[in-house]
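1. model this:
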Amino acid sequence: MAHNLDEISSIVNQTPFYVTVGMELCGFEEGCSIVRLKTDQRHENLLGTVHGGAIASLVDTSCGLALALHMTENDVMITSSLHVDYMASVKKGDLVGRGKVIHMGKKLVRVEAVISDEEGKLIAKGYATLTRTASHSFRHKKGSTALP
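-> Numbers count the residues shown, from 1 in each chain. As a prediction, the model looks like this:
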């Protein structure tokens with residue numbers, strides 16, 4: 001394990017993208033990452049509902065963070081494929097993503113995420129395939145706010 005829970009949460013919750021879009025890592029439960037997206041007018045599409053891209057970002061983040069406790073300092077994982085099925089639209093409010101690793105291979109990892117609203121209604125379900133890479137351009141740098 002590369003990091004403890006407090007360290008992972010601190011790094012993630014200070015990352016500029018997550019701060020900008022209103023996303024935060026709430027923790028881990030039963031092998032799942034729990035990520036919250038606080039939606040507001042920034043996330044609205046032309047119909048006044050949460051944009052599908054915001055939901056897809058929550059799927060991708062929930063999947064990626066599900067790996068956090070499985071990674072070593074030398075692991076670098078990047079999303080190589082993302083698939084999202086939208087079940088319902090949502091106007092505003094908190095969305096919660098739960099990501100869970102379903103297959104861990106040497107090069108590829110398959111993760112699923114379930115997105116629900118504040119009442120627990122299923123909004124979307126998605127899958128990501130992440131690829132282990134040794135690319136130096138993705139390496140964690142000491143003092144960086146990125147996870148390794």
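2. ok now the longest helix anywhere in the chain, how far from the chain's centre?
-> In the chain, assigned by DSSP state H, the helix with the most residues is helix 52-66. Computed by Cα atoms, centre = their mean, to the nearest Å, the separation of helix 52-66 from the middle of its chain amounts to 4 Å.
3. ok, now stretch 25-37?
-> Chain-centre distance of stretch 25-37: 9 Å, with Cα atoms, centre = their mean.
4. now the residue nearest the centre of the chain. Nearest residue, chain neighbours left out?
-> Nearest residue to the geometric centre of the chain (Cα atoms, centre = their mean): residue 61, 1.4 Å. Once flanking residues are discounted, residue 61 sits nearest to residue 35: 5.4 Å by Cβ to Cβ, 6 or more residues apart in numbering. Where you see a C-beta, it was placed from the backbone N, CA and C, and this is true even at glycine.
5. secondary structure element holding the one you found?
-> strand 32-39 (DSSP states H and E).
6. quick one: strands adjacent to whatever helix or strand comes next after the longest helix of the chain?
-> Per DSSP H and E, the first helix or strand lying C-terminal to helix 52-66 is strand 77-86. Sheet pairing here is set by DSSP bridges, and for strand 77-86 it gives strand 122-132 (antiparallel).
7. how far off helix 52-66 does the strand it pairs with point, in degrees?
-> Angle, strand 122-132 to helix 52-66, by axes from the mean of the first three to the mean of the last three Cα atoms, to 10 degrees: 50 degrees.
8. restrict strand 122-132 to CA atoms and write it as PDB.
-> Provided in PDB are the C-alpha atoms of strand 122-132 (Å, rounded to 0.1, in the frame of the first residue of the first chain):
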ATOM      1  CA  LEU A 122     -29.300   4.700  -9.700                       C
ATOM      2  CA  ILE A 123     -28.200   7.400 -12.100                       C
ATOM      3  CA  ALA A 124     -25.400   5.700 -14.100                       C
ATOM      4  CA  LYS A 125     -23.200   2.600 -14.200                       C
ATOM      5  CA  GLY A 126     -19.800   2.500 -15.800                       C
ATOM      6  CA  TYR A 127     -16.700   0.500 -16.400                       C
ATOM      7  CA  ALA A 128     -13.100   1.500 -16.900                       C
ATOM      8  CA  THR A 129     -10.100  -0.400 -18.200                       C
ATOM      9  CA  LEU A 130      -6.900   1.000 -16.800                       C
ATOM     10  CA  THR A 131      -3.500   0.300 -18.200                       C
ATOM     11  CA  ARG A 132      -0.300   0.000 -16.100                       C
END
